[in-house]
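In: fold the following.
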Amino acid sequence: MTAPSKLLTNLIALSCLLATSIVASPVYAAYGKDTNADSTASGSVSSGSDGGISMKVSVSYTSAATGQTGGASATTTEQITGYVHPVCWYIQGPSGAEKAKWFDSGKAEANVLRKDGNYAGSGGLDEMKSHFPDYASYADDVEGHWYLPACSPTYYSGDDQSEYRSVSENYLDSHDPVYVRPGETPPEPLIDGETLARAAWDAITIPTATIDYNPKAGDSQATIVGMDTWIWATGDTPSQATVTATAGSVTATVTATANGLNLDPTDGEADCTGFGIPWNEQNDRTGTDCVIVFNRSSAHLEDSVTPVDISVNYTASYTASDGATGNLGTHTTQTTTNIPVAEIQTLNTHPTKQP
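Out: Now for the predicted structure:
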């Protein structure tokens, strides 16, 4: 395919921006993590009227929780349906009759003439016409339409705008307008690997951490001031999430991993470098990687419990079948749990010489 001149590229890009301003805007993935999500890499694609694509996403979570004696971590899976919009796609342009009239009326020629009367671009009007082959044969067709390649930064989710320019320029340089007769299917949107990965990552919600602790004294199940309180992850607290999405011929996989719990207790100090292990007599001899030492009881706090803020940082990266790879930064889950803390009263006495 002959690459269009910069003039044609600019005209197409301008028509894209004008068109996208009137395209209906459903709620798209916002690339920030806030929906719900499971895994057997499966996906489907269907084109929306605005150029977006419906996708199926699967995610598997590897639990950080272990049994009382250690052992393998459990894995849970989910599936959701999401929506993604390509950075570049085809938009509906003028009908065959409208385009032919535009070319033959002299308006097209006026668009490519410079102020000095010379043609802009290497091939001028003839080059522009070459990208609309046989346009004259559609001069009586008011129902068929030219579809124009289009790109918009609205749908670019990365941080490097020079990368967006590179993606859009490559797309516009390699995709000519396509004529679609009545009843024919418009060109299918193509999702690149990076866009698909970011949309899949945004489509899931990583579960927040849950914990247990030891010791638990009395009816209130309180731990004790000044003692090492063992903390460990329980339930569905993930140490890793693997997200897979497929749209058309492209598949993207996101892998997010975490190293442990981050604990911030009221009235205490945490020393936690992992996800902890459950306390028992056997584990007590080998120790743990996650403890809190509370320095005050919960008596002065609401409901006589001490809040502990818990966060887990996940670092995400992706690979895709089209060769795209990259990092998606860090995502943090946050929650708060309450632990009752009691204080053991002691009586100090001095020995006397009396019997």
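
In: quick one: low-confidence ranges for the stretch 251-355 of the chain?
Out: Filtered on pLDDT under 70, the stretch 251-355 of the chain yields the residue ranges 346-355.

In: which stretches in it count as strands?
Out: Per DSSP state E, counting those that start in this stretch, the stretch 251-355 of the chain carries strands over the ranges 262-265, 268-272, 290-294, 306-320, 325-339, 341-342.

In: where do the helices of the stretch 151-300 of the chain begin and end?
Out: Along the stretch 151-300 of the chain, counting by DSSP state H, counting those that start in this stretch, helices occupy 161-174, 193-202, 281-286.

In: hey, which of those helices is tucked in deepest?
Out: Mean neighbour count (mean count of other Cβ atoms under 10 Å) peaks for helix 193-202 among the helices of the stretch 151-300 of the chain, with a mean of 27. Just so you know, the C-beta spots here come from the backbone N, C-alpha and C atoms, and that holds for glycine as well.

In: C-alpha coordinates for that one, CSV please?
Out: The C-alpha coordinates for helix 193-202 follow below in CSV (Å, rounded to 0.1, in the frame of the first residue of the first chain):
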residue,chain,number,x,y,z
GLY,A,193,-1.3,-5.3,22.7
GLU,A,194,-0.6,-2.4,25.0
THR,A,195,-4.1,-1.0,24.8
LEU,A,196,-5.6,-4.5,25.4
ALA,A,197,-3.3,-5.1,28.4
ARG,A,198,-4.2,-1.8,30.0
ALA,A,199,-7.9,-2.3,29.5
ALA,A,200,-7.7,-5.8,30.9
TRP,A,201,-5.8,-4.6,33.9
ASP,A,202,-8.3,-1.9,34.5
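
In: what's the average pLDDT for it?
Out: Averaging pLDDT along helix 193-202 yields 92.

In: what's the answer for stretch 79-98, then?
Out: 89.

In: which parts of the stretch 1-150 of the chain are helices?
Out: Under DSSP H, counting those that start in this stretch, the stretch 1-150 of the chain gives helices at 6-20, 96-104, 107-112, 124-130.

In: about what we covered before: deepest-packed of the strands of the stretch 251-355 of the chain, please.
Out: Mean neighbours per residue, mean count of other Cβ under 10 Å, is largest over these for strand 341-342, with a mean of 24.

In: show me where pLDDT drops low in the stretch 101-250 of the chain?
Out: Low-confidence segments of the stretch 101-250 of the chain, defined by pLDDT under 70: 111-123.

In: run the chain-centre distance for stretch 329-339.
Out: Counting by Cα atoms, centre = their mean, to the nearest Å, stretch 329-339 is centred 18 Å from the centre of its parent chain.

In: oh sorry, the question was meant for stretch 329-346
Out: Offset of stretch 329-346 from its chain centre (Cα atoms, centre = their mean): 29 Å.

In: residues in contact with it: which ones?
Out: 33, 206-211, 213, 217-218, 220-225, 229, 256, 265, 267-268, 294, 296-299, 303-316 (Cβ atoms under 8 Å, 6 or more residues apart in numbering).

In: how close does residue 104 get to residue 125?
Out: Counting by Cβ to Cβ, to the nearest Å, the gap between residue 104 and residue 125 amounts to 11 Å.

In: which one of those two has more residues nearby?
Out: With neighbours defined as other Cβ atoms under 10 Å, residue 104 and residue 125 compare such that residue 125 has more, 18 against 13.

In: pretty sure the more buried one is touching residue 108, no?
Out: Yes. Between residue 125 and residue 108 there is a contact at 6.2 Å, judged by Cβ atoms under 8 Å.

In: wait, residue 229 sits on residue 293?
Out: Yes. Using Cβ under 8 Å, residue 229 is in contact with residue 293, at 7.0 Å.

In: which residues are in contact with both of these two?
Out: Contact criterion Cβ under 8 Å, 6+ apart; no residue bridges residue 229 and residue 293 by contacting each.

In: residue ranges of the strands in the stretch 101-250 of the chain, please?
Out: 145-151, 178-180, 210-214, 223-224, 228-234, 238-247, 250-257.

In: now the angle from the first one to helix 96-104?
Out: Between strand 145-151 and helix 96-104, the angle comes out at 70 degrees (axes from the mean of the first three to the mean of the last three Cα atoms, to 10 degrees).

In: who does strand 145-151 touch, helix- and strand-wise?
Out: Judged by 3 or more Cβ pairs under 8 Å, 6 or more residues apart in numbering; DSSP states H and E, strand 145-151 is in contact with helix 6-20, strand 88-95, helix 96-104, helix 161-174, strand 178-180.

In: would you mind measuring from the residue nearest to residue 290 when sequence neighbours are not counted to residue 228?
Out: Leaving out its chain neighbours, the residue that sits closest to residue 290 by Cβ to Cβ, 6 or more residues apart in numbering is residue 276, at 3.4 Å. Between residue 276 and residue 228 the computed distance is 12 Å (Cβ to Cβ).

In: likewise residue 270?
Out: 11 Å.

In: mutual contacts of the two, please.
Out: 291, 292.

In: picking that back up, using CSV, lay out the helices of the stretch 151-300 of the chain together with distance to residue 83.
Out: Shown next, in CSV, are the helices of the stretch 151-300 of the chain (distance: least, Cβ to Cβ, whole Å):
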stretch, distance to residue 83
helix 161-174, 20
helix 193-202, 8
helix 281-286, 46
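
In: looking at the ones you listed, spot the one closest to residue 185.
Out: Nearest to residue 185 among these is helix 161-174; the distance by Cβ to Cβ comes to 19.8 Å.

In: partner residues bridging the spatially closest residue to residue 305 that is not a sequence neighbour?
Out: Distance criterion Cβ to Cβ, 6+ apart; nearest residue to residue 305, sequence neighbours excluded, is residue 338 at 3.8 Å. Counting by DSSP bridges, residue 338 is bridged to residue 307.
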